[in-house]
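1. Return atomic coordinates for the entry below.
(one chain, ligands or ions: 1)
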Amino acid sequence: GKTSFYMKCTGEEATSVSASMALAADDMVFPSYRQQGILIQRGYPMIEMINQIYSNKGDKLKGRQLPIMYSSREHSFFTISGNLATQTPQAVGWAMASAIKGDSRIAATWVGEGSTAEGDFHSACTFATVYNAPVILNVVNNQWAISSFSGFAGAERTTFAARALGYGLAGLRVDGNDPLACYAAEQWAANRARANAGPTLIEFFTYRAEGHSTSDDPSGYRSAQERSEWPLGDPVMRLKNHLIATGEWDEERQEKMDLEAAEHVKKVTKEAEANGILGHGLHHPFRTMFEDVFEELPWHLKEQSAQAIRERETKFPGGLDL
Ligand SMILES: Cc1ncc(C[n+]2csc(CCOP(=O)(O)OP(=O)(O)O)c2C)c(N)n1
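-> Numbering: from 1, shown residues only. Prediction:
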């Protein structure tokens, strides 16, 4: 009840965290809504993420974005859009501009396999090849687009990586639950892009372990056992086991780290809650919803704004949320 909506990335963490580690901190990323791992990897303060989820008075986006649709210019993290796949041509365009300016930064975008069926994705692939844009197109094939199995987006006819060939893009298909493989693939693609050797499409084959969002109940369309039967395992556990096997890590340190992470989230959540939770009054002043979008507010919005403020004043005389 503290917010309206949340989306998890459970089981797909490697596709964002490892990939992000392989990029430079100022490479521009154009994610979808399931790559919160990039912000965490880039050191974005967790309190900012939680403030945004609560749309509270600390929310830098002033409650104008759906929870989890973050944005951070300082972290080279492009504003997340709910309109699927729009980020893909934007990433390509940004990469083209970077190359034209002689900048060394590259762009990377993430898109779900279901969203590759959008026309925008095809424009992105065509422009990426034709202009040799320094860009990485990460397709996160978690096999589900809400309740639609990936077959609806063509997964049973060919792989998403194979589509790259037709466009003249380099195409890789990677075990998306192997964090080291994700890292290696992204690094290879980043080196290629930076050397002006061309764009790459990477298909991360993974599994959406949780529901699509908090508004979704996956038991209506897939079996409850599917998650445990998925053969490629959990990426965090796989990395942990690998590091223990190679003598780089141990259970004790893992336990300590898990505890510290849980404590950190608890502490920061508390701090964020002091700025307000959704629907409990502590949000940006009501009138600000008309600000920042237009340089010069059009007449009809000026009228709406005045009317809205009048009505609020009548309803809440002297109310703080004006
Ligand atoms: C253009 C557009 N069409 C439909 C939707 C509704 N919608 C939101 S998420 C989603 C599923 C996307 O699935 P996928 O691309 O596989 O990504 P995933 O959620 O699995 O990460 C749909 C259909 C939307 N937001 N935008």
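2. hey, let's count contacts and neighbours off CA atoms from now on
-> Will do.
3. Now stretch 102-117: buried residues?
-> Of all the residues in stretch 102-117, those buried under the rule 16 or more other Cα atoms under 10 Å are 105, 106, 107, 108, 109, 110, 111, 112, 113, 114, 115, 116.
4. can you pull the contacts of the first one?
-> Counting by Cα atoms under 8 Å, 6 or more residues apart in numbering, residue 105 touches 24, 26, 27, 28, 95, 98, 194.
5. Which pLDDT value goes with it?
-> With respect to pLDDT, residue 105 scores 98.
6. Checking my notes, it in a strand, right?
-> No: assessed by DSSP: H, G, I helix; E, B strand; the rest coil, residue 105 does not belong to a strand; its assignment is coil.
7. From residue 186, how far off is it?
-> From residue 105 across to residue 186, the span is 15 Å (Cα to Cα, to the nearest Å).
8. same check, this time on the third one
-> Distance, residue 107 to residue 186, using Cα to Cα: 12 Å.
9. what is in contact with these two at once?
-> With Cα under 8 Å, 6+ apart as the test, residue 107 and residue 186 both reach residue 136.
10. Enumerate every residue touching the residue nearest to the spatial centre of the chain.
-> Against the mean C-alpha coordinate of the chain, by Cα atoms, centre = their mean, the closest residue is residue 35 at 3.0 Å. Listed by Cα under 8 Å, 6+ apart, the contact set of residue 35 reads 9, 13, 16, 17, 110.
11. Among the residues you listed, the buried ones, what's the ChimeraX command?
-> Buried members of those can be picked out in ChimeraX with the line below, counting by 16+ other Cα under 10 Å:
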select :9,13,16,17,110
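12. of the contacts of residue 35, closest to the ligand?
-> Checking the contacts of residue 35 against the ligand with Cα to the nearest ligand atom, the nearest one is residue 9 at 8.0 Å.
13. Is it correct that the closest one is in contact with residue 206?
-> No: look at residue 9 against residue 206 with Cα atoms under 8 Å: they stay out of range, at 10.8 Å.
14. Helices of this protein, start to end?
-> Using DSSP state H, the helices of the chain run over residues 13-21, 36-41, 46-54, 87-100, 119-130, 160-167, 179-194, 226-229, 235-245, 251-273, 299-315.
15. Residue 283 versus the nearest residue to residue 156 once chain neighbours are set aside, what's the distance?
-> Distance criterion Cα to Cα, 6 or more residues apart in numbering; nearest residue to residue 156, sequence neighbours excluded, is residue 150 at 7.8 Å. For residue 150, the distance to residue 283 equals 39 Å [Cα to Cα].
16. Please list the residues of the stretch 51-200 of the chain that sit near the ligand.
-> Neighbours of the ligand within the stretch 51-200 of the chain, by Cα under 6 Å from any ligand atom: 82, 83, 84, 112, 113, 114, 115, 142, 144, 145, 146.
17. could you redo the last one with a cut-off of 8 Å?
-> Within the stretch 51-200 of the chain, the positions adjacent to the ligand are 82-86, 111-116, 118, 140-146, 148, 150 by Cα under 8 Å from any ligand atom.
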